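Asks: Need coordinates for the below:
(2 chains)
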Amino acid sequence: MSMAEHARKYPELWQRFTPRQTLVRYSWYMGVIFVAVWSVRNLDIPWFYFLDAHIQAADLAVRMWPPDMDFLGQLYDPLIETIHIATLGTAVTIVLAFPVAFLAARNTTFNSVTWFIGRLILVTSRSVNTVVWGLLFVAIFGPGPMAGIWAIAFRSIGFMGKLTAEAIEEIDQGPVEAIEATGASRLQVLWFGILPQVLPVIYGTTVYRWDINIRESTVLGFVGAGGIGIQLYASINLFSWQEVSLMLIAVFCVVVVSEFVSAIVRQRIT
Amino acid sequence: MLTVENLTKVYPTGAKALSDVSFLVDEPKVIAIIGPSGAGKSTLIRCVNRLVEPTSGKVLLGDTDVISLNRRGLRKARRRMGMIFQEYNLVERLTVMENVLSGRLGFVGFWRAYRRKFPSDDVAAAFRLLDRVGLEGYHNTRADALSGGERQRVGIARALMQAPDLLLVDEPTASLDPKTSRQIMRLLVELAHEAGTPALVNIHDVALAQTFSDRIIGLAAGEIVFDGSSDQLTADVLTRIYGEEDWSTTIRTDDDNDNGMTEGSDEGKQKGRPEKDQGSIPEASAG
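Replies: Residues are numbered from 1 along each chain as shown, chains lettered A, B, ... in the order given. Next up is the predicted model:
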């Protein structure tokens, strides 16, 4: 083998990317930097407040400590109300989301119009934040937990419905065909052939959503839709930081417990 | 019992799965439908109970014109046809008993089915059938805990729960090992004969078809190219169905026919046929 041949067959230079690929990559980096700079300039951030932020944060921490333990007695009822709002809201969701999921799944919907309606409901539900739903329902039901329950339910329909619809679209059609072949009615096919297959997903997402809803219902009080948020909002406005810190700790504990329960339940589903 | 006339199915893709298929089932016999993959075996069976809508032709179950039925009428007709599937098609997360009783769904209302409150006759029949297919004591086992052979036994029990006038069987052994395949076929044939129910069985294993069926229909490219008794199946016929190949090792000779079935037997003879019980022993007793 001559030197030239050897060099061609075993080159000493190897590059992972072509110059063109490298150029494209650096263009992306520049693009991201540009967007970040543009956003910051556009927001007109008052840097003056930024300078002493660490002092303010430390000051707030000092004012929050120690948590006002005398306040604990007044906390029990709103905390329980928060959990009830989350639980009832989730219960309402199951009833409402299940039919919507069947409309939104391609293999169980009646026609393209019903499919579109199902999808529209899911998207509408998810595009509106729980707090915004809360504002709407406070206008309808007046302030209180009722508005909170419906706010939670309407936001959760999109979440539960979408995941359930996806599960329905992924079921094994074989058993469905077999149940149809026995002469079962449409409703029986749904109940015997389809529901058993998606039940684990329904259990799992229900518990997961309940867990999310407990967190969401803690802020619903900000707009008057019941729960511990009402107290939290009031205490913040009165600068009662020691009450606020106690409430944050209480909410933290409830969320940890709900997450624990949700994890255990989801683990046990077979 | 079943009349199929000029049945044709063209799929939306333009593929012609069946063209002008006609045959008559007038005896309670096991009829094997053989043919290469894509010959239209599955389509043929599914057109009979309209899981697949035929493009044209006639299917008469007794006096009922299945093709012209509306939804409600079709459900009633489907109650009279039990179906058994290649992949068993059990509802995995339900128990064996729920799967077997689902064969009665066409006969009970929604709320009974919803509460799992089936008539006592149905429950008794289900226990009897489970015993018969060799799954005594399995009623509360979940279907996903069963082996393939056990699942197919549940599938057979579900179909027979309908007390059907006709059994439609789609590749019952294609997902099973050779030994289990033979056990399942033997059980299926025994039960069909006991009940006096004709059975249309799609099967791609020629030897199994020959051993266990009374009559064989050969399909090739959507057309019937052979319809006769099992012993008429010659190398010539197989070439017509499948194409050129050395068939000498595939065709059974009469002396190794061990399933105790007599060709062309009438109903009276079948009733006097000695019972063979190996078929009802589950292949894996430890579920």
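Asks: Closest approach to chain A from the stretch 1-150 of chain B, which residue is it?
Replies: Chain A sits closest to B:Gly106 of the stretch 1-150 of chain B, with a gap of 2.8 Å, by CB to the nearest CB. To be clear about C-beta, it is placed using only N, CA and C from the backbone, and glycine gets the same treatment.
Asks: Tell me which helix or strand the nearest residue to that residue once chain neighbours are set aside sits in.
Replies: Of all residues not flanking B:Gly106 in the chain, A:Gly183 sits nearest, at 2.8 Å (CB to CB, 6 or more residues apart in numbering or on different chains). Following DSSP states H and E, there is no helix or strand that holds A:Gly183.
Asks: State whether A:Gly183 and B:Arg75 are indeed in contact, as I suppose.
Replies: Yes. With contact defined as CB atoms under 8 Å, A:Gly183 counts as touching B:Arg75 (4.5 Å).
Asks: which residues does residue 98 contact?
Replies: Unless you meant another one, I'm taking chain A. A:Thr164, A:Ile202 (CB atoms under 8 Å, 6 or more residues apart in numbering or on different chains).
Asks: To clarify, I was referring to chain B.
Replies: A:Phe192, B:Val91, B:Arg116.
Asks: What count of nearby residues applies to the residue of the stretch 1-150 of chain B closest to chain A?
Replies: When neighbours are counted by other CB atoms under 10 Å in any protein chain shown, B:Gly106 registers 21.
Asks: same thing with the one 4 residues further on?
Replies: Other residues lying near B:Phe110 total 15 when counted by other CB under 10 Å.
Asks: my guess is it contacts A:Val189, does it?
Replies: No. Using CB under 8 Å, B:Phe110 is not in contact with A:Val189; the gap is 10.6 Å.
Asks: Would you quantify the distance from the spatially most central residue of chain B to B:His204?
Replies: Closest to where the C-alpha atoms of chain B average out (CA atoms, centre = their mean) is B:Val169, at 2.1 Å. B:Val169 sits 13 Å away from B:His204, going by CB to CB, to the nearest Å.
Asks: rewinding a little: quick check: neighbours shared by A:Gly183 and B:Arg75?
Replies: B:Gly106.
Asks: Neighbour count: these two, which is higher?
Replies: When A:Gly183 and B:Arg75 are compared for neighbours, A:Gly183 comes out ahead with 23 against 19, by other CB under 10 Å.
Asks: Tell me the predicted confidence for that one.
Replies: We have a pLDDT of 93 for A:Gly183.
Asks: Equivalent analysis for B:Asp256, please.
Replies: On the pLDDT scale, B:Asp256 gets 47.
Asks: So, low pLDDT: which residues of chain A?
Replies: Scanning chain A for pLDDT under 70 picks out A:270.
Asks: can you give me the strands in it?
Replies: Applying DSSP state E to chain A gives no strands.
Asks: Now do the helix ranked longest in it: distance to the chain's middle.
Replies: If you go by DSSP state H, chain A has its longest helix at helix A:72-104. Chain-centre distance of helix A:72-104: 14 Å, with CA atoms, centre = their mean, to the nearest Å.
Asks: buried sites along it?
Replies: Neighbour-count burial for helix A:72-104 flags A:75, A:78-79, A:81-90, A:92-94, A:96-98, A:100-104 (criterion: 16 or more other CB atoms under 10 Å in any protein chain shown).
Asks: Pull out the CA atoms of stretch B:209-223 and give them to me as PDB.
Replies: Taking Å, rounded to 0.1, in the frame of the first residue of the first chain, the C-alpha atoms of stretch B:209-223 are listed here in PDB:
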ATOM      1  CA  ALA B 209     -57.500 -29.800   9.300                       C
ATOM      2  CA  GLN B 210     -57.400 -33.300   7.900                       C
ATOM      3  CA  THR B 211     -57.300 -35.000  11.300                       C
ATOM      4  CA  PHE B 212     -60.100 -33.100  12.900                       C
ATOM      5  CA  SER B 213     -62.600 -32.000  10.300                       C
ATOM      6  CA  ASP B 214     -65.300 -33.800   8.400                       C
ATOM      7  CA  ARG B 215     -65.200 -31.600   5.400                       C
ATOM      8  CA  ILE B 216     -62.600 -29.200   3.900                       C
ATOM      9  CA  ILE B 217     -63.200 -26.100   1.900                       C
ATOM     10  CA  GLY B 218     -60.100 -24.800   0.100                       C
ATOM     11  CA  LEU B 219     -59.800 -21.100  -0.600                       C
ATOM     12  CA  ALA B 220     -57.300 -19.500  -2.900                       C
ATOM     13  CA  ALA B 221     -57.300 -15.800  -3.800                       C
ATOM     14  CA  GLY B 222     -60.800 -15.400  -2.500                       C
ATOM     15  CA  GLU B 223     -62.300 -18.200  -4.400                       C
END
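Asks: burial of the residue nearest to B:Ala159 when sequence neighbours are not counted, as a residue count?
Replies: Nearest residue to B:Ala159, sequence neighbours excluded (CB to CB, 6+ apart): B:Gly82, at 3.2 Å. Using other CB under 10 Å, B:Gly82 has 29 neighbouring residues.
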